[in-house]
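Participant: coords please:
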Amino acid sequence: MTTMEAPKKHEAGAVGLGVDRVDGPLKVTGAAPYPSDIGFPHLAHAVLVRTTVAAGRISVVDTSEAEAAPGVLAVITHLNAPRLARGGRTILGPEPPPPLQDDRVLHYGQYAAVVVAETFEQATDAARLVHLSYDPGDPLLDAEDPRVVPKNNPYLLDMKRGSVADGLDQAEVRLKATYVTAENTNNPLGPFATVAAWDGDRLTVHDATQWPYNVRNSLASAFKISKDQVRVLAPYVGGGFGAGLRTWPHVILAALAARTVARPVKLVLTRPQMFTGVGHRPSSVQHIKLGALRNGRLTAIDHEATSTTAVEDSNMEPITMGTAAAYACPNVATRDKQVKLNIPCPGSMRAPGEAQGNFALECALDELAYELDMDPLDLRLRNYAGFQPQTGLAWSSKALRECYQAGAERFGWRTRDPRPGSMRDGRVLIGYGMAGVSFPHYQSKCAARATIARDGTAYVRSAATDIGTGTYTVMAQLSAELLGLTMDQVRFQLGDSDMPQAPQAGGSGLTAALGTAVHDACGRLVGAFLDLVRKDAESPLHGCRLEDVVVAGGRILRASDPSRGEAYTDILARHGLPELTSDGNSAFPKADIGQLVGSLAVSRLGRLGSFAVKATRATVPAGAFGAKFVEVHVDRDLGLVRVARVVSAIDGGRILNAKTARSQIIGGTVGGIGQALFEDTVTDPGTGRIANATFGDYLVPVNADVPDMDVLFVGGPDPATPVGTKGIGEIGLVGVGAAVANAVHHATGRRIRRLPITLDQLL
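Facilitator: The predicted structure follows:
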């Protein structure tokens, strides 16, 4: 089914304006109900018990003291837990294995038991009374361990064009380097929480998820019940950054505990449990070879990455895929490998894959520019990919060149003295660095339902989530524009799996998918009103089709004569209807998907059942593009690095809300500063214990670390979707690590190829 064309606007709508968040008042007054705020009569509380070895078997489980403790209702271990099925395959790979299924220990901090009691305090005390003994194994904790055998091509997304060997032979300058990125942990502000309640065979779950439909499906699989017997609610989530994209074991345990004690159960993770229970950005080691002519034209790019995952997991995170489409180089090969270790299951973290891969590629290009004695910006412009390199097709839109130009001008890039260490202010060394950035197009199937009631209020619904990105607000803006209403006449509702199906809030794909579904639903709703009056000779809209009308002021108007029209409320009243509803979706014809096979291996991704994009026969859908320009200050004696300013020039397609869009880029940039200078999840090499699993030990940027941010949006609407948007949730983070590292080299002459950049690397 193709999407319905929406009627044209008669008056300028709210789309594009910097409208305040519609959910802001609830959040700042504490009235927004997060999962941890949910209560039920007779609510019980669950607390988890974790293993203290990284590999082996649990030889003894002694729960006698815990079961006798005050208030305890149940203690569930692998000895008494029922058999649970693993959730299905998603775009991110299979779901993590279900908990408490046998005595094996696969990583430190694995759930070994769940204690359910009348109060949280009682459950916490009793959890300390569960005693575990082990037959420890010899864990694999280091990707360099000789026992580790990398798995080739785990994602079926390796790319190749031309001959890298020939390209390197033709090159006048060659570069070979290795880059390393650390494991990062998402750490949203709100600890993940799940509240589960059974009513017979029906399960209701309040969860901190970015994908209610996926949690619904996984719970239905685990407990062998139909999907329509599970309802998942997540109207407010306290952040996620990708941590909420998988159905984690604690969600299943909350539902299991509730069924076991026949009462609603709340389970809230502690901060240390967040480090082992809801994923992390996997570490990577990347090898890059570049070849170029003296004039700067690239002749070869070879990019190989090895990332880590858990021993029984296949987290989907291709690191090198973006490299194949980044520059106009005739000979390119990209490969991803994966090693399985005794570590917690990883997951997506903002800009998954691209954050690591871009760091290596853009640092390598900076190194090449110095070898060529060429401005790093000019090198990128000389290799600009005006067409999608793998297919030769035109991009649906691309304003990266404008990003380079506008960002460089705003930053003052051309005033840079290119000599490393040449720019100083007393004992402070000043460095300028930049990176080109992109994030691929992604759009899943999505549905929405639009209703207009007798009082003139519109209700638009979809089972999406808003993790702080502004979905409530921009979809209310879009709905208001498409229906010719004011924003206070629109109620956008989300976060409920009983609503029309929606994909995850992740991958920078929700705005395009949901926006297209809303566009379709609103167009069909206006069409449904026209169907009511089309044969009504007394209606001023008699005989009108959708292309004949505009909408404004709660009315449908003849485009040829806006003085003739009718209000939605009048049409409903005359026909005795309390409301009128229409459904829409963002599904595109399957024939269009095939246009991307050569560039994104979409046919392979399509097997996962949740990937749909639109391409014309002449273009490839483009994701967001951008350029990052960074100034750093480095203390000459102490090696202390401070980011002084950042300019982000972004091609984000049509910007639905200037305020929330700018906020997305700023937030992503702060995350990029964290990756560049602070964040490193440290695993003890002897035990597998995460050594810095608290906010006191895991460093993230704070106010003093965040400089003034300058954000520019360039380009225009992207025709790949009817709304014209590109996802911008990830693009703010991509490239910051490379730009900071390149700026540090410019300031100090020291080339750092490992993130995060720490004091000891500069002393």
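Participant: OK, contacts around Ala453?
Facilitator: The neighbours of Ala453, taking C-beta atoms under 8 Å, 6 or more residues apart in numbering as the test, are Tyr459, Leu572, Pro578, Glu579. In this view, the C-beta of every residue, glycine as well, is placed from N, C-alpha and C.
Participant: and the nearest residue to the third one once chain neighbours are set aside, what pLDDT?
Facilitator: Yep, that's Pro578 we're talking about. The shortest distance from Pro578 to any non-neighbouring residue, by C-beta to C-beta, 6 or more residues apart in numbering, is to Arg454 (5.4 Å). Predicted confidence (pLDDT) for Arg454: 97.
Participant: Next up, the contacts around Arg454.
Facilitator: Going by C-beta under 8 Å, 6+ apart, Arg454 touches Thr569, Leu572, Ala573, Leu577, Pro578, Glu579.
Participant: Looking at those, which one is closest to Val114?
Facilitator: Glu579 (44.3 Å; C-beta to C-beta).
Participant: list the contacts for the closest one?
Facilitator: Taking C-beta under 8 Å, 6+ apart as the test, what Glu579 contacts is Thr451, Ile452, Ala453, Arg454, Leu572.
Participant: at 10 Å what do you get?
Facilitator: Thr451, Ile452, Ala453, Arg454, Asp455, Thr457, Ala458, Tyr459, Tyr568, Leu572 (C-beta atoms under 10 Å, 6 or more residues apart in numbering).
Participant: ok, now Asp583?
Facilitator: For Asp583, counting by C-beta under 10 Å, 6+ apart, the contacting residues are Ala447, Ala448, Arg449, Ala450, Arg461, Pro500, Ala517, Asp520, Ala521, Arg524, Leu525.
Participant: Next one: the closest residue to the first one other than its chain neighbours from Gly190, what distance?
Facilitator: I take that to be Ala447. When the adjacent residues along the chain are set aside, Ala447 lies closest to Pro500, with 3.6 Å between them (C-beta to C-beta, 6+ apart). Note on Pro500: its distance to Gly190, by C-beta to C-beta, to the nearest Å, is 26 Å.
Participant: mind checking how far Gly553 is from Thr486?
Facilitator: Taken as C-beta to C-beta, the span from Gly553 to Thr486 is 9 Å.
Participant: His519 falls within a strand, correct?
Facilitator: No - counting by DSSP: H, G, I helix; E, B strand; the rest coil, His519 is located in no strand; its state is helix.
Participant: Pretty sure Leu478 is one of the things it touches, is it not?
Facilitator: Yes - in this structure, His519 is within contact of Leu478 by C-beta atoms under 10 Å, at 7.2 Å.
Participant: what's the domain layout of the protein?
Facilitator: With automatic domain parsing as the criterion, the domains of the chain are listed as 8-32+446-586, 385-441+622-762.
Participant: Need those domains in JSON lines (columns: distance to Gln122).
Facilitator: Formatted as JSON lines, the domains of the chain follow (distance: least, C-beta to C-beta, whole Å):
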{"stretch": "domain 8-32+446-586", "distance to Gln122": "27"}
{"stretch": "domain 385-441+622-762", "distance to Gln122": "24"}
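Participant: Out of the ones you listed, which is closest to Gly240?
Facilitator: Of all those, domain 8-32+446-586 sits nearest to Gly240, with 4.4 Å by C-beta to C-beta.
Participant: check contacts around the spatially most central residue of the chain.
Facilitator: Most central in the chain under C-alpha atoms, centre = their mean is Gly506, positioned 3.2 Å from the mean C-alpha point. By C-beta under 10 Å, 6+ apart, the contact list for Gly506 reads 91-92, 210-211, 240-245, 347-348, 350, 352, 442, 444, 465, 467, 469, 727, 729-730.
Participant: Check Tyr134 too.
Facilitator: Contacts of Tyr134 by C-beta under 10 Å, 6+ apart are Thr51, Thr52, Val53, Ala55, Gly56, Arg57, Ile58, Ser59, Val60, Asp103, Val105, Ala112.
Participant: Just the buried ones among these, please.
Facilitator: Buried subset of these (neighbour count, 16 or more other C-beta atoms under 10 Å): Thr51, Thr52, Val53, Ala55, Gly56, Ile58, Asp103, Val105, Ala112.
Participant: Which residue is the nearest non-sequential neighbour of Arg545?
Facilitator: Leaving aside its sequence neighbours, Arg545 sits nearest to Leu530 (C-beta to C-beta, 6+ apart; 6.8 Å).
Participant: burial measure for that neighbour, as a count.
Facilitator: The number of residues packed near Leu530 is 22, by other C-beta atoms under 10 Å.
Participant: For it, report the pLDDT, please.
Facilitator: At Leu530, pLDDT is 98.
Participant: now for the host helix or strand of it, which elements pack on it?
Facilitator: Element membership for Leu530, per DSSP states H and E: helix 510-533. Under the contact criterion of 3 or more C-beta pairs under 10 Å, 6 or more residues apart in numbering; DSSP states H and E, helix 510-533 touches strand 447-453, strand 458-461, helix 471-483, strand 549-552, strand 555-558, strand 561-567, helix 568-574, strand 579-585.
Participant: and the last one, which residues are buried?
Facilitator: Just to be clear, that refers to strand 579-585. For strand 579-585, the neighbour count (16+ other C-beta under 10 Å) marks Leu580, Ser582, Gly584, Asn585 as buried.
Participant: got those residues as a markdown table, with pLDDT and distance to Gly735 columns?
Facilitator: Formatted as a markdown table, the buried residues of strand 579-585 follow (pLDDT from 0 to 100; distance: C-beta to C-beta, whole Å):
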| residue | pLDDT | distance to Gly735 |
| --- | --- | --- |
| Leu580 | 98 | 47 |
| Ser582 | 98 | 41 |
| Gly584 | 98 | 35 |
| Asn585 | 96 | 34 |
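Participant: so which of those residues comes closest to Leu393?
Facilitator: Out of those, the member with the shortest distance to Leu393 (by C-beta to C-beta) is Asn585, at 25.8 Å.
Participant: Who is that closest one paired with across the strands?
Facilitator: Counting by DSSP bridges, Asn585 forms beta bridges with Ala447.
Participant: gap between it and Val268?
Facilitator: For Asn585, the distance to Val268 (C-beta to C-beta) stands at 35 Å.
Participant: Then Pro136?
Facilitator: 30 Å.
Participant: repeat for Arg416
Facilitator: Per C-beta to C-beta, Arg416 is found 49 Å from Val268.
Participant: what's the answer for Gly421, then?
Facilitator: In terms of C-beta to C-beta, Gly421 sits 50 Å off from Val268.
Participant: cool, Lys628 as well?
Facilitator: Look at Lys628 and Val268: by C-beta to C-beta, they are 37 Å apart.
Participant: now swap in Val620 and tell me
Facilitator: In this view, Val620 and Val268 are 44 Å apart by C-beta to C-beta.
Participant: quick one, which of these two is more surrounded?
Facilitator: Of the pair Val620 and Val268, Val620 is the one with more neighbours under other C-beta under 10 Å, namely 25 against 21.
Participant: Verify the stated contact: Lys224 with Arg83.
Facilitator: Yes - with contact defined as C-beta under 10 Å, Lys224 counts as touching Arg83 (9.1 Å).
Participant: my guess is Leu429 is in a strand, correct?
Facilitator: Yes - counting by three-state DSSP, Leu429 is part of a strand.
Participant: Just list the residues touching it, thanks.
Facilitator: 420-423, 632-636, 641, 744, 746-749, 762.
Participant: I'd guessed Ala44 sits against Val116; true?
Facilitator: Yes - Ala44 is within contact range of Val116, at 5.4 Å (criterion: C-beta under 10 Å).
Participant: Give the residues shared as contacts by those two.
Facilitator: The overlap between the contact sets of Ala44 and Val116 (C-beta under 10 Å, 6+ apart) consists of 71-74, 122-123, 257-258, 260-261, 263, 265, 267.
Participant: what's the weakest-modelled helix or strand in the protein?
Facilitator: The least trusted helix or strand in the chain, going by mean pLDDT, DSSP states H and E, turns out to be helix 602-605, with a mean of 29.
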